[in-house]
Every structure is written in C-alpha cells, then in structure tokens.
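>>> below are the sequence and a predicted model; questions follow.
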Amino acid sequence: MTEIINYIVASLSVIAQIATLILLAAYFSKAGWAKDIKIFAAQRYLVIGFLITLGAVAGSLFYSEIAGFEPCKLCWLQRIFIYPQAVLFAVALIKNKKDLADYVVPLSAIGGLIAIYHYYIQLGGLPLIPCSAANANACAQKFVMIFGYITIPMMSISAFALLFIFSIINKKLK
C-alpha cells in the first residue's frame, strides 16, 4: 500500500511542479493566455488551496502514522507551516473569503525554505544546524525516492511553491 501511495503522491508533486511553472509564466506574462490562466487560478483559489493543504496534511499523517516513518525536526517544522493553512482554507471556503494571501504567502515561504533546506541535506549537503539529538542523520534519511528526485521534502516544496504562487496571483487580481 505504501508503494502505491508513494507513486500517487509523487505524481501529484510533479503535477504541482508543472502547475507552479505554468502559473509563474502566466504571472510574468502579459499575453492573453496568461490573463486567462490567472483568472482561472484566482476563481478556484479556495478550492485548490484547500485540496493542496488537505493532501499535504493527509500525506504527512499517512507517512508518520500508517507507514511508520518517524518525522524529523525539519519535517515537524514543515508541518507547523502547512497544517494551519488547511484550517485557514477550510474556514475561508465555508465563508467564501478569498483574502488569505496575507497569511498563506508567509507561511508557504517559510515552510518552503525549510523544505528546501531539508532537501539540500538529503542531497548530501552539510547541515548548518543539527537535526535531531537522537539521530544526527535523521533529516538526511530518504524514506521515499520516486522518479529519481521526489522525496518527502520535495513533495513539501511542491505544495508550498504552488500555494505561494496561487496566493500571489489571487492577491494581484483582487
């Protein structure tokens, strides 16, 4: 079951990365297609944001509670920045309030930077700070490696990046 979930979540991460690149291109472009994409993204901001955060929360809980992968300190820090976003998007979706960008942008930026640092350590980079007192290599451990580069921190980077650009576009079109 874990293998199937790994491939599903890794595939969703690749889709998120492609969507992030398309949204970035649209954000900086003045072409007609770009305007259509930005409007499409802004109109679906709450639903897509909720689905991304719900998937990230469900994925992190699956890996720790069902697959039995013990989260390291950096994993916990990333959770600190994604879990509140699921609640924010759920409440905003219920109340139809689209003014979340002021909250989502900093949460996603900080969570994304932590995830990038975590991925750097997994790629063999030297940690600037110790990850775990119990196991110095805990943050470097790769529980998942799909498509040659998708690990759990890369999944996190994908979610934070997509939330960030969606929020920037939504804020710009308000």
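On my side now, so go ahead.
>>> tell me the residue furthest from the middle of the chain?
Ranking residues of the chain by C-alpha distance from their mean position (Cα atoms, centre = their mean) puts residue 32 at the top, at 28.3 Å.
>>> in this protein, which helix or strand is least confident?
Within the chain, no helix or strand scores below helix 32-43, which has a mean of 92 by mean pLDDT, DSSP states H and E.
>>> other residues contacting whichever helix or strand comes after that helix?
Elements were assigned by DSSP states H and E; along the chain past helix 32-43, the next helix or strand is helix 45-61. Applying Cβ atoms under 8 Å, 6 or more residues apart in numbering, the set of residues contacting helix 45-61 from outside is 5, 9, 12, 16, 41, 71, 75, 78-79, 82-83, 85-86, 89-90, 92-93, 96, 98, 100, 104, 155-156, 159, 162-163, 166-167, 169-170. (C-beta placed from N, C-alpha, C; glycine too.)
>>> where do the strands of the chain begin and end?
Using DSSP state E, no strands are assigned anywhere in the chain.
>>> looking at it, which helix is longest?
Longest helix in the chain by number of residues, with DSSP state H as the criterion: helix 2-28.
>>> by contact count, what packs against that helix?
Where contact means 3 or more Cβ pairs under 8 Å, 6 or more residues apart in numbering; DSSP states H and E, helix 2-28 is packed against helix 32-43, helix 45-61, helix 152-173.
>>> tell me which of these sits most buried.
With neighbours defined as mean count of other Cβ atoms under 10 Å, the helices and strands packed on helix 2-28 peak in mean count at helix 152-173, which reaches a mean of 24.
>>> run the chain-centre distance for that helix.
Relative to its chain's centre, helix 152-173 lies at 6 Å (Cα atoms, centre = their mean, to the nearest Å).
>>> list the helices and strands the least confident helix or strand of the chain packs on?
Applying 3+ Cβ pairs under 8 Å, 6+ apart, one finds that helix 32-43 contacts helix 2-28, helix 152-173.
>>> quick one: low-confidence ranges for the chain?
For the chain, the stretches with pLDDT under 70 are 130-137.
>>> go with 90
Scanning the chain with the threshold set as pLDDT under 90 gives 1-2, 70-73, 98-99, 124-145, 172-174.
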